[in-house]
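In: Okay, here's the prediction I keep looking at, along with the sequence it came from:
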Amino acid sequence: MEQLKTYLDSNKERQLEELLELLRIPSVSADPAYKEDVRKTAEWVKHSLEQAGAENIEICETAGHPIVYADKLIDDNLPTVLVYGHYDVQPPDPVELWDSPPFEPVIKKTRLHPDGAIFARGACDDKGQMFMHIKAFEAMLAHDALPCNVKFMIEGEEEIGSENLGTFCRANKEKLDCDVVLIADTSVIANDQPSITVGLRGLSYLEVEVTGPNRDLHSGVYGGAVANPINILSQMIASLQDENNAITIPGFYDDVEVITEAERAEMNKAPFSLDAYKKELKIDDVHGEKGYTTLERTSIRPTLDVNGIWGGYIGEGAKTVLPSKAFAKISMRLVPNQDPDTITELFTKHFESLAPDSVKVKVTPHHGGEPAVTPTDTPEYQAAHLAMKSTYGKDPIPQRGGGSIPIVALFEKVLGVKTVLMGFGLDTDDIHSPNEHYGLFNFYKGIETIPYYFHHYAELKK
């Protein structure tokens, strides 16, 4: 391990330059305009794995963006770790809110990152974290210190729901056969307090369309006599939550996992400052479901949020128009026992029932994913615990995350293995937002910690 650390320390500048090169490629999977850039990124990842020493490297075609596969199989008697990551990124919009261009990475020092942070789309989610695995693998191989078999599966559609990953996994079960899936696409509580994500919320994501008249109308001539779809849509959305911020869809909470008071008390022992939280976000108060703490609202409780809303005239100046249509994108984060298909069906039925006869409503499901909880009493988890303790110098805290990684449930169903979510970002890294960033401390700490995971896992599996 000391030799590995020496190698990593002496190669820091090169590792960083390679990551900056990767971040310059705008691999936005949601926008067809970036299709060639997404392909270019897959080729870049393939080349990086070749340079690191992986074998059997291939770009696997799907109905959408490709998946990069590679492996290094050293001994059939050793455990096999499947490393999953994604090379696609969220759209950078709104670009005008970035302090620097989203695909021209810059390094700046911040209060939380005094050693510097990389500002770029994908820096943390997930190019920086995915790339840590390749660099850690490179270091282990360079010193003949790879104690497990390793396989890589790096996809290009995570940000659009991993639409083709299930088909790929089912068609390649033998190729992907492993003992554990290792993912770095999550966060730690703080740079001085490591944590391991042991639960993720599921997701139901939809788009709604409300149509009134057959064309845009003059609001003076028709206003007050014809339904305004934006007004109607706003009223419908507002009714989806009550005065306690509970979701009003009938049956929505029927299958929600009940967390005991003891479990909730334990969860709230995690280091958290509400004042610092509000200060960081520049808000005067938090907002959410009555009866739950901020930590509980962002982990063990389901949510409903409008992610975008539009319609009518939004250009400069005034235009007195009564619009024909209004739209919104709505996501619901789900907790264990909630089924995304069931929730989508419940939402659709309820939302349609809210519409007055003066408008028509269309609900279009986009993508979803099941919630997941991972056990903490397995060699797979214990290896992560020991690895983080080795590099951070203190025990990591098991913590449920608020985000969604739908493929965790997929891996368990199709491959029959559990996933370890050992990420190194911070919740304040602005993923999916303008000015996304990733601390240099976190990037290098991840590369340092991952070899310890392999080392401890090999020992625990003997």
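Out: Thanks, I have the structure now. In this text, all values refer to a predicted model and were calculated from it rather than measured experimentally.

In: I'd like to know how many residues surround residue 7.
Out: 15 (other CB atoms under 10 Å). In this view, the C-beta of every residue, glycine as well, is placed from N, C-alpha and C.

In: three-state assignment of it?
Out: Put simply, residue 7 is helix when judged by DSSP: H, G, I helix; E, B strand; the rest coil.

In: Now the closest residue to it other than its chain neighbours. Its backbone dihedrals?
Out: Computed as CB to CB, 6 or more residues apart in numbering, the closest residue to residue 7 that is not its neighbour in sequence is residue 139, at 5.1 Å. With angles defined as degrees, to the nearest 10, residue 139 sits at phi -70, psi -40.

In: So residue 4 belongs to a helix, correct?
Out: Yes - applying three-state DSSP, one finds residue 4 inside a helix.

In: Buried residues, whichever strand or helix holds residue 446. List them.
Out: Here residue 446, judged by DSSP states H and E, is contained in helix 440-460. For helix 440-460, burial by neighbour count (16 or more other CB atoms under 10 Å) applies to 440-458.

In: pLDDT of it, averaged?
Out: Averaged over helix 440-460, pLDDT sits at 97.

In: and what of stretch 279-294?
Out: pLDDT averaged over stretch 279-294 gives 96.

In: And that stretch, what's buried?
Out: Using 16+ other CB under 10 Å as the test for burial, stretch 279-294 gives 289, 292-293.

In: Show the end-to-end separation of that stretch, please.
Out: Its first and final residues considered, stretch 279-294 spans 14 Å by CA to CA, to the nearest Å.

In: go on, stretch 404-420?
Out: Terminal-residue distance, stretch 404-420 (CA to CA): 14 Å.

In: any idea of the mean pLDDT in it?
Out: On average, stretch 404-420 scores 91.

In: Same check on stretch 24-33?
Out: 97.

In: now it: how far from the chain's centre is it?
Out: 17 Å (CA atoms, centre = their mean, to the nearest Å).

In: Closest to residue 105 out of the buried residues of stretch 279-294?
Out: Within those, the smallest distance to residue 105 is 35.9 Å, found for residue 293 (CB to CB).

In: Skipping its backbone neighbours, what lies nearest residue 434 in space?
Out: Closest to residue 434 by CB to CB, 6+ apart is residue 97, at 3.8 Å.

In: Surely residue 167 and residue 60 touch.
Out: No - counting by CB atoms under 8 Å, residue 167 does not reach residue 60; the two are 10.9 Å apart.

In: Which of these two has more residues huddled nearby?
Out: For residue 167 versus residue 60, the count of surrounding residues by other CB under 10 Å is larger for residue 60: 16 against 12.

In: For the more buried one, what are phi and psi?
Out: Here is the backbone geometry of residue 60 (degrees, to the nearest 10): phi -90, psi 120.

In: Which residues are in contact with it?
Out: Shown in contact with residue 60 (CB atoms under 8 Å, 6 or more residues apart in numbering): 66-69, 168, 172.

In: Return the set of residues that bridge with it.
Out: residue 67 (DSSP bridges).

In: so how far is residue 47 from the residue nearest to residue 7?
Out: 18 Å (CB to CB, to the nearest Å).

In: more neighbours, those two?
Out: More crowded of residue 139 and residue 47, by other CB under 10 Å: residue 139, with 24 against 12.

In: The more buried one touches residue 9, doesn't it?
Out: No - with contact defined as CB under 8 Å, residue 139 and residue 9 do not form a contacting pair (10.3 Å).

In: Helices of the protein, start to end?
Out: Along the chain, counting by DSSP state H, helices occupy 2-10, 12-23, 35-52, 127-142, 165-171, 219-222, 229-238, 261-267, 274-281, 294-297, 340-354, 379-392, 407-414, 440-460.

In: just so I know, which of those lies nearest residue 317?
Out: helix 219-222 (14.8 Å).

In: how about the closest one: buried residues?
Out: 219, 222.

In: Point out the other helices and strands that that helix packs with.
Out: When contacts are defined as 3 or more CB pairs under 8 Å, 6 or more residues apart in numbering; DSSP states H and E, helix 219-222 packs onto strand 321-322.

In: How about the contacts made by the residue nearest to residue 7?
Out: Residue 139 makes contacts with 4, 7-8, 11, 145, 447, 451, as judged by CB under 8 Å, 6+ apart.

In: same check, this time on residue 424
Out: 129, 132, 184, 187-188, 442-443, 445-446, 449.

In: of the residues you listed, closest to residue 427?
Out: Distances from residue 427 to the contacts of residue 424, taken as CB to CB, are shortest for residue 187 (5.3 Å).

In: in the sheet, who's paired with that closest one?
Out: In this structure, residue 187 bridges to residue 425 when assessed by DSSP bridges.

In: Help me confirm that it comes into contact with residue 423.
Out: Yes - counting by CB under 8 Å, residue 423 is a contact partner of residue 187 at 5.4 Å.

In: got any residues that touch both of those two?
Out: Residues touching both residue 187 and residue 423 (CB under 8 Å, 6+ apart): residue 197.

In: Touching, residue 272 and residue 296? I think so.
Out: No - Residue 272 lies out of contact with residue 296 (CB under 8 Å); the separation is 10.9 Å.

In: Tell me what angle the helix holding residue 446 forms with helix 2-10.
Out: 160 degrees (axes from the mean of the first three to the mean of the last three CA atoms, to 10 degrees).

In: farthest residue from the center of the protein?
Out: Largest separation from the mean C-alpha position in the chain: residue 221, at 47.3 Å (CA atoms, centre = their mean).

In: gap between that one and residue 402?
Out: Distance from residue 221 to residue 402, counting by CB to CB: 47 Å.

In: buried set for stretch 413-428?
Out: 414-415, 417-428.

In: among those residues, which are in strands?
Out: If you go by DSSP state E, the buried residues of stretch 413-428 have 419-421, 425-426 in strands.
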